[in-house]
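> make a model of this:
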Amino acid sequence: MSLEAVLADLACGCAIRADTTALIETSGRRLSYAQLGQCVERAAANLRIGGLQPGERVLFVVRPSIEAIVLILAVLRAGGVLVAVEPGMSESVFAARMALVKPRWCIAESMVLALAARRSLRALLARRGVVLPNLLAVGARLLVRVGPRWPGVPPAMDYARVCSDPQTIGVGAADTPSADRPAFVVFTSGTTDAPKAVVHSSASLGASVRLLSEHLRFEVGDVAYSAHLHMIVPALLAGAHVVIPRHKRFSATRFLADVEQYGVTHTFGTPSDFMNVVRCARAERRQLPAVLRLVLLGAAPVERAFLRRMREAVPPSTAVWCVYAMTEMLPVAVVRMEDKLAGPTLGDLIGRPVPGVEARIASDGELLVRGPHLFYGYYGHAQIEEHATGDLATLDDAGRIVLLGRKKDMIIRGQHNVYPGLYEPNIASIDGVRKCSLIGVYSEREADEHIVLVVEPDSGEDEAKLERRIRAAICHGPHAIDQSARPDAIVFARLPLAGRSNKVDKRALLELVRERVAC
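Residues are numbered from 1 along each chain as shown. Got it, this is the predicted structure:
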């Protein structure tokens, strides 16, 4: 199934379920299936009238909302290539990424555009931990703005106009769509000199939606609670209602209230979020609402210690599945909570590969995967036939994948992959820092990894003053790093070294940190 087939099926479903509610925001706004289908078709046509040509890249910076869903579907319907970015990265990293993909168009929120365009406001926000790169400096033409126009934001179609009747009909879709055409670009990692962008084709996106639909098993009238497209699109295809949380931060109390208010049947979340839900339910001496049929956990390792607590908080009627996936391939494997808890004590059981996925173990123990929903390739490089995951693994007698560790030095916190090597040189160049190393320490309390920065200071440095200097430097200025990589704790110690190369001994460093930091 290609992306075009998915969009065609969605349009057909919107016509059939016309008066049924499709999208619900927790702020109170709603959109019916008829309105969703109409808005997507009109917006696609108006984007093409506005100049968007098939294959052109569109920088997209809009928070999850009704507008975001409509515009994402419209860009894809019009044949554009969606370039997804999240604010929170340093200006140098953002500039390098934009220099690589060179988006011609931009769709963004007026507030983000206005705030990011003012250097003084960016500096003020950075000191408060909010990093906003200047979107207007990218060189892309502003195609659509979402929200009231702020001073300094260039003219563009607003959301209401883009969803109005187009002057020309019949220009919504590309004339000769190819299954291999690029449709979605998202960055995973890479330094400012070598940013890495994953490119998904129409074929890989369509195959991903099909696989997720088969596993999520939505029915007409079900209610999905998520801001993630990998749950939203399958839900809409099945005729379910989608509740989009509009809270600034995840709150377990609000989540439980929303589940009961909207009758949520399916949801997706990270282990760290659901650890808070488990605590909240335990404090109130109750289980999760029985209306919840499926909880999908992912975006970070799901530890057995967390699942033992999770099992106590869910009623017998609620299924809990753990999904192993990556930006390059979603999903790869799915395992039930019960099977994971009963699995091997050594390693992390992630289950059998989903239908269509071929998994094998390389000679060095690395897990390699391929399948119809494998991404096309990295931007500017040749097509990928098989993906090296960076995870060490084995296959048990039942053909299930068991992860043994990471081949690469990577930390997973929340939904972010943090590569220490990207940031350590930058931090090490701060005055008073002789050497440094970032390391992840798993916290059973939070069901997530904490990032700890270990600093070997220059002799004579006052550690309290140096810590304040480091925390200020990594938030703004030339030493700023991505918000997702900022440490939860800073430890001052001599870095343990190993081998003739005198590289940091990560195992010894982890033991040192565990002795010094309570997680």
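> hmm, who's touching the helix or strand harbouring Ala108?
Per DSSP states H and E, Ala108 falls inside strand 105-109. Under the contact criterion CB atoms under 8 Å, 6 or more residues apart in numbering, strand 105-109 has outside partners 51-52, 56-63, 71, 75, 80, 135, 138, 140-147. For glycine as for every other residue, the C-beta is placed from the backbone atoms N, C-alpha and C.
> give me the next element, helix or strand, following it.
helix 110-117.
> what packs against that next one?
helix 119-127, strand 141-146 (3 or more CB pairs under 8 Å, 6 or more residues apart in numbering; DSSP states H and E).
> if I take it and strand 141-146, what angle do their directions form?
130 degrees (axes from the mean of the first three to the mean of the last three CA atoms, to 10 degrees).
> on that earlier part again, what about the strand holding Ala108, average pLDDT?
Per-residue pLDDT values over strand 105-109 give a mean of 94.
> identify the neighbouring strands of that strand in the sheet and state each direction.
Paired neighbours of strand 105-109 in the sheet (DSSP bridges): strand 57-61 (parallel), strand 141-146 (parallel).
> read off the pLDDT value for Asp482.
86.
> cool, and Gly499?
62.
> same question, Thr192
Reported pLDDT for Thr192: 52.
> ok, Gly129 next?
On the pLDDT scale, Gly129 gets 69.
> again, but for the one 5 residues further on
Model confidence at Asn134, expressed as pLDDT, equals 83.
> now swap in the one 4 residues further on and tell me
Among the per-residue scores, Val138 holds a pLDDT of 89.
> next one: Val171
49.
> helices along the stretch 51-200 of the chain, start to end?
66-77, 91-101, 110-117, 119-127, 159-162 (DSSP state H, counting those that start in this stretch).
> dump these into TSV; add mean neighbour count and distance to Thr20 as well.
Formatted as TSV, the helices of the stretch 51-200 of the chain follow (neighbours: other CB atoms under 10 Å; distance: least, CB to CB, whole Å):
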stretch	mean neighbour count	distance to Thr20
helix 66-77	25	15
helix 91-101	19	37
helix 110-117	20	31
helix 119-127	14	41
helix 159-162	18	23
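> lowest average pLDDT across those helices?
For those, where the average pLDDT is lowest is helix 119-127, sitting at a mean of 77.
> hang on, the earlier thing: for Ala299, find the nearest of the helices of the stretch 51-200 of the chain.
Nearest to Ala299, of all the helices of the stretch 51-200 of the chain, is helix 66-77, at 18.7 Å by CB to CB.
> for that closest one, which outside residues touch it?
3, 7, 10, 23, 25, 29, 31, 36, 39-41, 43-44, 47, 52, 58, 60, 62, 82, 107, 144, 146, 159, 162-163, 172-173, 183-184, 229, 232, 242, 244.
> quick one: low-confidence residue ranges for this structure.
129, 167-177, 189-193, 345, 499-502 (pLDDT under 70).
> what does the residue lying farthest from the centre of it show for phi and psi?
When distances are taken from the C-alpha mean of the chain, Gly460 lies farthest, 42.2 Å away, according to CA atoms, centre = their mean. Note on Gly460: backbone dihedrals following degrees, to the nearest 10 are phi 90, psi 0.
> and it, what does it touch?
Here Gly460 is in contact with no residue (CB under 8 Å, 6+ apart).
> and the nearest residue to Cys519 once chain neighbours are set aside, how many neighbours?
Leaving aside its chain neighbours, Cys519 sits nearest to Ser443 (3.9 Å; criterion: CB to CB, 6 or more residues apart in numbering). Using other CB atoms under 10 Å, Ser443 has 17 other residues around it.
> got it, and Arg445?
12.
> and for Val153?
So Val153, with other CB under 10 Å, has 21 neighbours.
> repeat for Phe268
Phe268: 22 neighbours (other CB under 10 Å).
> now for the lengthiest helix in the chain, which elements pack on it?
Determined from DSSP state H, the single longest helix within the chain is helix 33-49. Helix 33-49 is packed against helix 3-16, strand 21-25, helix 66-77, helix 159-162, with contacts defined by 3+ CB pairs under 8 Å, 6+ apart.
> hmm, back to that, including distance to Ile439, could the helices and strands packed on helix 110-117 go into JSON lines?
Listed next are these as JSON lines, based on distance: least, CB to CB, whole Å:
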{"stretch": "helix 119-127", "distance to Ile439": "25"}
{"stretch": "strand 141-146", "distance to Ile439": "39"}
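> quick check: which of the ones you listed is nearest to Ala18?
strand 141-146 (25.3 Å).
> now Thr394: how far from Ile24?
44 Å (CB to CB, to the nearest Å).
> follow-up on the earlier one: between the helices and strands packed on helix 110-117, which one is closest to Val452.
helix 119-127 (22.4 Å).
> tell me which of the helices and strands packed on helix 33-49 lies nearest to Arg494.
helix 66-77 (48.0 Å).
> give me the angle between that closest one and helix 3-16.
Using the same axes, to 10 degrees: helix 66-77 against helix 3-16 is 130 degrees.
> returning to what we had before: now distance to Leu124 too, for the helices and strands packed on helix 33-49, in TSV please.
Output for the helices and strands packed on helix 33-49, formatted as TSV (distance: least, CB to CB, whole Å):
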stretch	distance to Leu124
helix 3-16	41
strand 21-25	29
helix 66-77	26
helix 159-162	28
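> out of these, nearest to His215?
Closest among the helices and strands packed on helix 33-49, once you apply CB to CB, is helix 3-16, at 15.8 Å.
> which strands or helices does the closest one pack on?
With contacts taken as 3+ CB pairs under 8 Å, 6+ apart, helix 3-16 sits against helix 33-49, helix 66-77, helix 202-216, helix 229-238.
> of these, which stretch is the most buried?
helix 66-77 (a mean of 25; mean count of other CB atoms under 10 Å).
> look up how far Asp273 lies from the residue most central in space within the chain.
Centroid check for the chain by CA atoms, centre = their mean gives Gln415 as the closest residue, at 5.6 Å. Separation of Gln415 from Asp273 (CB to CB): 10 Å.
> now do Pro182
For Pro182, the distance to Asp273 - CB to CB - is 32 Å.
> looking at those two, which is more packed in?
Asp273 (23 against 20).
> what sits against the more buried one?
So Asp273 contacts 250, 252, 255 (CB under 8 Å, 6+ apart).
> before we move on, what SS does it have?
helix (DSSP: H, G, I helix; E, B strand; the rest coil).
> picking up where we left off before, and of the strands paired with strand 105-109, who's closest to Ala313?
strand 57-61 (35.6 Å).
> so the closest one versus helix 33-49, what angle?
Using the same axes, to 10 degrees: strand 57-61 against helix 33-49 is 130 degrees.
> residues in contact with strand 57-61?
52, 71-72, 75, 80-87, 98, 101-109, 112, 135, 138, 140, 143, 185.
> let's see the PyMOL selection covering just the buried ones among those residues.
To isolate the buried ones among the contacts of strand 57-61 in PyMOL, judged by 16 or more other CB atoms under 10 Å, type:
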select buried, resi 52+71+72+75+80+81+82+83+85+87+98+101+103+104+105+106+107+108+109+112+135+138+140+143+185
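> can I get stretch 12-21 in CSV? Just the C-alpha atoms.
Provided in CSV are the C-alpha atoms of stretch 12-21 (Å, rounded to 0.1, in the frame of the first residue of the first chain):
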residue,chain,number,x,y,z
CYS,A,12,-13.3,7.7,1.1
GLY,A,13,-13.8,7.1,4.8
CYS,A,14,-14.4,10.8,5.4
ALA,A,15,-17.2,10.8,2.9
ILE,A,16,-18.8,7.7,4.3
ARG,A,17,-18.6,8.8,8.0
ALA,A,18,-19.4,12.4,7.2
ASP,A,19,-21.2,13.5,10.4
THR,A,20,-19.0,11.4,12.8
THR,A,21,-16.4,13.2,14.9
